[in-house]
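Student: Sequence first, then the predicted structure, then my questions.
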Amino acid sequence: MTQTDPAPMAPLSKKDYKSDQDVRWCPGCGDYGILNAVQAAFAALQKDLDRTVIVSGIGCSSRFPYYMETYGFHTIHGRAPALATGVKVANPDLDVWVVTGDGDALSIGGNHFVHALRRNVGLKILLFNNRIYGLTKGQYSPTSEQGKLTKSTPMGSIDYPLRPVNLALGAGATFIARSIDTYGNHLEEMVRLAAAHEGTALVEIYQNCNIFNDHAFDHFREKDVRDDRTVELAHGKPVRFGKDGNKGLRLNAELQPEVVTVGVDGVTESDVMVWDVADPSPARAMALSSMSETAFPVPIGVFRDVARPAFEDAVRAQLNAAKEKGTSSLQSLLEGPDTWRVG
Amino acid sequence: MESTSVPDPNTTTERQHPVQELDEVIIRFAGDSGDGMQLTGSQFTRTTALMGNDLATFPDFPAEIRAPAGTLPGVSAFQLRFSNFDIHTPGHRPDVLVAMNPAALKMHIHELPRDGLLILNTAKFKPADLKKAKYDTNPLEDGSLSGYRVVEIDLEKLTRETLADSPIDQRAKDRCKNMFALGVLYWLYNRDVEPTMVALDKTFGQKKPDIAEANKKAVRAGYHYADIADLFQSSYRVAKATDLPAGTYRNIMGNQSLCLGLVAAAKKSGLPLFLGSYPITPASDILHQLSGYKSHGVVTFQAEDEIAAVAAAIGASYAGNIGVTTTSGPGLALKSEAIGLAVMTELPLVVIDVQRSGPSTGMPTKTEQADLLQAMFGRNGECPVPVLAPTSPSDAFDTAFEAVRLALRYMTPVILLSDGAIANGSEPWRVPDADSLPAIPVHFAEQTPEEAAGTAKFKPYRRDPDTLARNWAIPGTKGLHHRIGGIEKEDVTGNISYDPRNHEHMTKVREQKVAGIADDIPEAWTLGDPSGDVLVLGWGSTRGPITGAVLKLRKQGLKVSGCFLRHINPFPRNLGDLMKSFRRVLIPEMNRGQLAMLIRAKYLIDAASFTKVQGLPFYTDELCERVEAILEELKR
């Protein structure tokens, strides 16, 4: 019998990743841009619809799985990383994505978020950070800035905001990137890089909530300011920004970031720091992720990308090692070492 | 292993003392948490099991790992009852109390009958020890122990003398005194010392041969000391139990039995077992034991908290494993929302709650049955879940197997309510023939030709008309990608739906699915006649004491029967009729009347509730008294 190759499948296009469900986010929501970029990235990667699982928690962002033509599980508030861990460990062949928000991942689900990162489970986590609670209609979130006026903070929020990238660095995350909802191509690239990572990959996505926190990111993402107010981190590249590309960042002897201009005050190209995503220490990444948004440009791109064995692979390795030592029969397992006969 | 004749390890002299035959004995070992009472008790249990007696045990220990030595809160005890006939409980008042210090004496002496045998470690009755136990006078001297058959042994001195040549340090030598005491008891009850020699070698042998040798020597020395020191007027013998069904037996604790039931069910269903768990007393041993079954493909995941544990188990079930989570009452409370998700998404899940005394932290090492209503109703919305309860340590095997079967067949979470007494109690178990355990059929959905051709769309909530179970389409299945979640679903399609009528329909479907399990479980049966004056109805671990009481009362010719529920939601179909065949129904529970509330609500019968919330099981005698009081009322 001759083997014939199956007819080659037509490549999947972006629309093949769209489900037949009506998208129910508010018109103008930043989530639309993210959905579009993820569908584009999945099409570029030709992701298998049957092997891809998107797990979400609760919140506006967590409706995401319904709009994707893959396997999807819309779970409960904050628990998506824990549930997704069970999925990935049970079947490591699945491509498991977690979609979450700043409230879901950092407030009610902070514990699971931290532990997924430190275990390095093979999950790709897309964290939609809009710095507000949208689905509950406008309370401050753990990433809201101090002084924020919301329904629950009529005199301004007194909570100090959490920085997701700092938290992830502290938890030992092996891949951390950041992008912005309106930066379609950049966001698509970050999603693709996350997809290629072994272990947990976190992509923080600044996402505008045009109903409850409109213009939250305008001060650095709008066209007229973005060149001066954002800085791209890419492995092996100098950390430069500005309309003319002549500004750069460097760390001083105290590891404090400084903005420099190449050609001014004797600053040369070699004074600008060169980004290393695999830096043995997370200190430099932490220095940049801790910068004030008003005094410094906002970093986007890949903060960190280091290799560490994925949790689910370590689980399998132990199972296999135990099996290699030999398996007892069910009967002998039931009997145990000490038995006696009656009759 | 066949029991052997009682060996004398080093000499061949015949016993000089008379040997009395007994039908049963209850021994209670009590000492400081650091005295190794649980180890002593479990060694005596193992030996006794291997010698073919029926037995039941009740370990009773404090929650503190090491309460201050010698104090009352630090007392740890282990009760063992063994017999030559079929027994059902670890008994109440001991025949023998071994008290390793004054605190142990003070905590337990009130339960020793007046002519009972009291073995005391005199080394620990110094003024400082007495003060720690809050004794004003020395009970060895103040006459308060008159009436007991007191046997005083300086265990510390004798153990040190025994181990004079041992290279181990003094502290390690002193720690062998429990083995000396065990040796004394082995002589007294004509037990075989060999199984303990083997066990000690296994425990310490390879890494600490000196410790193993010292412990073995202490056991032998205690045995000889009892023989030559004329401590006892006679020794005792309890013959093998012969009324047990023929078969291969082992001794088993409830937590062990649950693990084996889960693994057996996994093998019989052909699915991998995934345990998500967070350590909690008294359920942690299940996590420990299943962690050792990696060669059987069992994955254990020690999660960051109780919620992550159940969430991961649900994720594993979604991916086609048998998801299991184990906990105790406080953990079940934390898992409530996630169990609701599993109800809504109709995924299989087994939730094991090893109940302990509550509320809140309560008494973590003490038993109770007060999570029944939490298991039934402790979730938001109308959220029915099947509830099962093992009735003994060995029954936990069958109950765990049944929980997996129901979860897979009906696509539902199942809550299994064990309790502390079952978890740590032990009894002989007739090991089933693995080949004869029933297969658990599993059906994963596959793409139909119509779906493949694009003329039909996959329907994740299409149901089996018999069980009402929905399709289980695991990720990775070709063509069946679909979305599920906690939002209300339209039946059949699984699309999000806020339609009022659909919600009511789905609520009823979820309810009917669980209620329909009644047709798939055994009917309730009675111990004794199926009608009469009083039916004593129990669930879970009250089976042992109720059995003891019912058999005792029936011997007196009283029209009393027992009924034991393993399935609580749904109840067996015939339960209502069965209860109505008796003039009164009495429901003893280790709570404040939770099953009684369910029974009264569902069947509108005037069931009498009898409750105990002391962190202790019922005693046969107190049940008998209660039934007798009801019989008196019925005469009026």
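Tutor: Great, that's in hand.

Student: all contacts plus neighbour counts: C-alpha atoms, from now on.
Tutor: Will do.

Student: Determine which residue lies closest to the centroid of chain B.
Tutor: Nearest residue to the geometric centre of chain B (C-alpha atoms, centre = their mean): residue B:422, 1.5 Å.

Student: I'd assumed residue B:397 was in contact with it.
Tutor: No - judged on C-alpha atoms under 8 Å, residue B:422 makes no contact with residue B:397 at a distance of 11.4 Å.

Student: and residue B:375, that's in a strand?
Tutor: No - residue state for residue B:375 (DSSP: H, G, I helix; E, B strand; the rest coil) corresponds to helix; a strand is not indicated.

Student: I'd like the distance between it and chain A.
Tutor: For residue B:375, the distance to chain A equals 20 Å [C-alpha to the nearest C-alpha, to the nearest Å].

Student: Identify the residues contacting that residue.
Tutor: By C-alpha atoms under 8 Å, 6 or more residues apart in numbering or on different chains, residue B:375 lies in contact with B:332, B:385, B:387, B:415.

Student: export these to CSV and tack on neighbour count?
Tutor: Formatted as CSV, the contacts of residue B:375 follow (neighbours: other C-alpha atoms under 10 Å in any protein chain shown):
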residue, neighbour count
B:332, 26
B:385, 26
B:387, 23
B:415, 27
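
Student: just the residues you listed now: which is nearest chain A?
Tutor: residue B:332 (16.0 Å; C-alpha to the nearest C-alpha).

Student: May I ask which helix or strand encompasses that closest one?
Tutor: If you go by DSSP states H and E, residue B:332 is part of helix B:329-345.

Student: Export that helix to PDB, keeping only CA atoms.
Tutor: Provided in PDB are the C-alpha atoms of helix B:329-345 (Å, rounded to 0.1, in the frame of the first residue of the first chain):
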ATOM      1  CA  GLY B 329     -14.100  21.900  56.400                       C
ATOM      2  CA  PRO B 330     -12.400  25.300  56.200                       C
ATOM      3  CA  GLY B 331     -10.900  24.300  52.800                       C
ATOM      4  CA  LEU B 332     -14.300  23.200  51.500                       C
ATOM      5  CA  ALA B 333     -15.600  26.700  52.400                       C
ATOM      6  CA  LEU B 334     -12.900  28.300  50.300                       C
ATOM      7  CA  LYS B 335     -13.600  25.900  47.400                       C
ATOM      8  CA  SER B 336     -17.300  26.700  47.200                       C
ATOM      9  CA  GLU B 337     -17.200  29.100  44.300                       C
ATOM     10  CA  ALA B 338     -15.100  26.800  42.200                       C
ATOM     11  CA  ILE B 339     -17.400  23.800  42.900                       C
ATOM     12  CA  GLY B 340     -20.200  26.000  41.600                       C
ATOM     13  CA  LEU B 341     -18.100  26.500  38.400                       C
ATOM     14  CA  ALA B 342     -17.800  22.700  38.000                       C
ATOM     15  CA  VAL B 343     -21.600  22.400  38.500                       C
ATOM     16  CA  MET B 344     -22.200  25.100  35.900                       C
ATOM     17  CA  THR B 345     -19.800  23.700  33.400                       C
END
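
Student: Does anything pack onto that helix? Which helices or strands?
Tutor: Where contact means 3 or more C-alpha pairs under 8 Å, 6 or more residues apart in numbering or on different chains; DSSP states H and E, helix B:329-345 is packed against helix B:306-318, strand B:349-355, strand B:413-419, strand B:483-485.

Student: Please work out the average pLDDT along stretch B:621-635.
Tutor: What stretch B:621-635 shows for mean pLDDT is 97.

Student: can you pull the contacts of residue 335?
Tutor: Picked chain A for this. Residues in contact with residue A:335 (C-alpha under 8 Å, 6+ apart) are B:249-250, B:431.

Student: Switch to chain B, please.
Tutor: B:306-307, B:310.

Student: Including neighbour count, could those residues go into CSV?
Tutor: Listed next are the contacts of residue B:335 as CSV, based on neighbours: other C-alpha under 10 Å:
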residue, neighbour count
B:306, 25
B:307, 28
B:310, 37
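
Student: one step back: filter the contacts of residue A:335 by proximity to chain A?
Tutor: B:249-250, B:431 (C-alpha under 8 Å from any C-alpha of the partner chain).

Student: So residue A:115 is in contact with residue B:305, correct?
Tutor: No - assessed by C-alpha under 8 Å, residue A:115 is found out of contact with residue B:305, at 10.1 Å.

Student: Tell me the residue of the stretch 51-200 of chain B that sits nearest chain A?
Tutor: In the stretch 51-200 of chain B, the residue that lies nearest chain A is residue B:52 (6.9 Å; C-alpha to the nearest C-alpha).
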